[in-house]
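1. I'll drop the sequence and a predicted model, then ask my questions.
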Amino acid sequence: MLFNSLHFLLFLPVVFALYWSVAHRWRWILLLAASFYFYLSYNPWYCFLLLGTSLIDYYAARKIGGTSDKKQKKRWLLLSLVSNIGVLVAFKYSIFFLNSIFSIGNILELSNFSMLQAFIIPAGLSFYTFQSLSYTIDVYRGKYKPNDSYGMFALYVSFFPHMVAGPVVRYNSLMPQLYTQHYLPKIEWSLATRMVVWGFFKKIVIADRLGEIITPVFNNVDGYSGSTLLVCSFLFVIQLYCDFSGYSDIATGVAKYFGVNLSLNWRRPLMSKSLTDFWQRNHISMTTWFRDYLYIGLGGNRVSYKRRLLNIFLVFLISGMWHGANWTFFIWGGVHGIVYILEFLNQERNTPLKSPAIIGWLYLMAFHTLSLIAFRALTIEDLFSIYNRIFTSFNVSSMLNELRTIQDLFPLGIAALLVAFLFLKELNEENAWLNKIKVFDSFLRPAFYVAAFLTIFLIGKFNANEFIYFQF
């Protein structure tokens, strides 16, 4: 079920009421049942996949923790790696790889065969397999003892607020909270509600409204000028951020209603002054996952300087492919890897090049906008067509007319105001300007969230659009 659906708005109060009315020893069972019902609502067959992968990881971790034989440990770790990565490859990449092979055959006139575009990817597959896999790797590294029951481990993997699109929470952060007895009066009601309201605002007011402008353009890139494509590419930067961080905000707020604190996943990435800074603020739980389990697994900083640079590039390349089975994601990851390495090399200089903060921000936004086109383009042909039009047919005079064929002037004006409003709020949070006003906590902040709540009902798009990252 989607957070932005009537189903969830009925589901959450029922689970909340039951959770706080039963004894502590039964709460984990209630949360586990609620989590599986939440996941089952997408597709009942998905639950068998979730149960299967988590059971293999649980069993492998128990075997790893129960032996001192290094070869045995590696075998059980390999089982966990193969099962999780194998499931990802099967559902996300098998059709892509087969179609790529057959397309080469078509070019060579060896075959005219074509496959389906893709399997239906189970919701949250990339997130819960990574979370489960991180536990097995940490047990192998000796960080934890596998002493939990399978039921508790299954709850750790499937805890419903975050399982579908993150944040990816580590064992040492989430599991102790699932064991802890929580008390209703200690719930951070104000913070939890603010996060839920702001998350819904970002999703159904900003992201979904911008989507109505962006989607028609990217579905027909040859019908628009370079200026229109560039504007919509910038709007997609905002849409993606609001859509994904909106989910994380709602998930974090909902978890707080049950006494659970999820890890920080976003720290105003659109305020970054460099790509390095951006990846320290953006999708933090996944970025740190790739650092701790892929980059370090490849050797991290313990290898030669050239190999270290290669490891950085491979991490970005693989993380690009993690986002989707399309060459456009491969390009997106590769471009980010190259620019990140260039920034790294600059920082390694005796006298690194420096620029004013505003120049750094403009550079980051320009690069992020242009590179994210590869994230949004439907095909690699569309990607090259968009870049070609931006750099060769940039016609500003036709932009407004083209946009008005998609939306009337008033909705376009609303969209522009929402983008400006988002940046003003992010700037205030970055610099804490309003926090210095005496009535900020007592009046201004509560008034803001009341207004945001009302705005959701006034101009929000209540058509239960899926969150963008559900496809990953």
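-> Structure's in. What do you need?
2. contacts and neighbour counts: CA atoms only from here.
-> OK.
3. Contacts for stretch 452-464, please.
-> 2, 4-5, 197-198, 200-201, 204-206, 208-209 (Cα atoms under 8 Å, 6 or more residues apart in numbering).
4. What is the neighbour count of Thr228?
-> Residues lying near Thr228 (other Cα atoms under 10 Å) number 26.
5. Likewise for Val396?
-> Neighbour tally, Val396, other Cα under 10 Å: 12.
6. Please apply the same query to Asn219.
-> Using other Cα under 10 Å: Asn219 sits among 12 other residues.
7. Assign a three-state SS to the spatially closest residue to it that is not a sequence neighbour, would you?
-> Nearest residue to Asn219, sequence neighbours excluded (Cα to Cα, 6 or more residues apart in numbering): Leu378, at 7.5 Å. Here Leu378 is recorded as coil under DSSP: H, G, I helix; E, B strand; the rest coil.
8. Verify the stated contact: Leu77 with Arg141.
-> No. In this structure, Leu77 is not within contact of Arg141 by Cα atoms under 8 Å, at 10.2 Å.
9. Next up, phi/psi of Gly299, please.
-> phi 120, psi -20 (degrees, to the nearest 10).
10. where does this protein dip in pLDDT?
-> For the chain, applying pLDDT under 70 flags the ranges 1, 94-123, 166, 464-465, 467-472.
11. let's go with 50 and repeat that
-> Flagging of the chain using pLDDT under 50 yields the residue ranges 105, 107-118.
12. where along it do the strands fall?
-> Using DSSP state E, no strands are found in the chain.
13. Domain ranges for it, per the record?
-> When the chain is parsed with automatic domain parsing, its domains come out as 23-181, 189-465.
14. Make TSV from those domains and add distance to Leu9 to it.
-> Shown next, in TSV, are the domains of the chain (distance: least, Cα to Cα, whole Å):
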stretch	distance to Leu9
domain 23-181	12
domain 189-465	11
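15. who has more neighbours, Leu77 and Arg141?
-> Per other Cα under 10 Å, whichever of Leu77 and Arg141 has more neighbours is Leu77, with 22 against 12.
16. which ones are touching that one?
-> Counted by Cα under 8 Å, 6+ apart, Leu77 has contacts 60-61, 64, 136-137, 140.
17. Would you mind checking these for buried ones?
-> 60-61, 64, 136-137, 140 (16 or more other Cα atoms under 10 Å).
18. if we can go back for a sec, right, and the domains of the chain - which one's nearest Phe16?
-> Between Phe16 and those, the shortest separation by Cα to Cα is 7.3 Å, and it involves domain 189-465.
19. what about the closest one, distance to the chain center?
-> Remark: domain 189-465 is offset 10 Å from the chain centroid, using Cα atoms, centre = their mean, to the nearest Å.
20. Pull out the buried members of the contacts of stretch 452-464.
-> Of the contacts of stretch 452-464, these count as buried by 16+ other Cα under 10 Å: 2, 4, 197-198, 200-201, 204-206, 208-209.
21. Dump these to a markdown table, plus distance to Leu178.
-> Below are the buried ones among the contacts of stretch 452-464 laid out as a markdown table (distance: Cα to Cα, whole Å):
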| residue | distance to Leu178 |
| --- | --- |
| Leu2 | 23 |
| Asn4 | 25 |
| Val197 | 25 |
| Trp198 | 26 |
| Phe200 | 26 |
| Phe201 | 29 |
| Ile204 | 31 |
| Val205 | 33 |
| Ile206 | 33 |
| Asp208 | 34 |
| Arg209 | 37 |
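22. ok, of the residues you listed, which one's closest to Ser41?
-> The closest of these, once distances to Ser41 are taken by Cα to Cα, is Leu2, at 9.2 Å.
23. Neighbours of Met163, how many?
-> Met163 - counted by other Cα under 10 Å - has 25 other residues nearby.
24. ok, now how distant is Trp159 from Tyr128?
-> Small correction: residue 159 is Phe, not Trp. 10 Å (Cα to Cα, to the nearest Å).
25. Of those two, which one has the most company?
-> Each of Phe159 and Tyr128 has its neighbours counted (other Cα under 10 Å); Tyr128 has more, 27 against 24.
26. Verify the stated contact: the more buried one with Ser158.
-> Yes. The criterion here is Cα under 8 Å, and Tyr128 meets it with Ser158 at 7.1 Å.
27. still on that earlier bit, and of the buried ones among the contacts of stretch 452-464, the nearest to Leu49?
-> Nearest to Leu49 out of the buried ones among the contacts of stretch 452-464 is Leu2 (Cα to Cα; 19.6 Å).
28. Leaving out chain neighbours, which residue sits closest to that closest one?
-> Closest to Leu2 by Cα to Cα, 6+ apart is Phe8, at 6.4 Å.
29. wouldn't the one you found be in contact with Phe16 here?
-> No. Under the criterion of Cα under 8 Å, Phe8 is not in contact with Phe16, lying 11.8 Å apart.
30. Output the contacts of Leu77 in CSV, with distance to Ser149 appended to each entry.
-> Below are the contacts of Leu77 laid out as CSV (distance: Cα to Cα, whole Å):
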residue, distance to Ser149
Ala60, 13
Ala61, 12
Ile64, 15
Thr136, 15
Ile137, 18
Tyr140, 18
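31. Of these, which belong to helices?
-> 60-61, 64, 136-137, 140 (DSSP state H).
32. Which of the residues you listed sits closest to Ile338?
-> Among the ones in helices among the contacts of Leu77, Ile137 lies closest to Ile338 (Cα to Cα), at 28.5 Å.
33. what about the closest residue to that closest one other than its chain neighbours, distance to Tyr171?
-> Leaving aside its sequence neighbours, Ile137 sits nearest to Leu77 (Cα to Cα, 6+ apart; 7.0 Å). Applying Cα to Cα, the value for Leu77 to Tyr171 is 17 Å.
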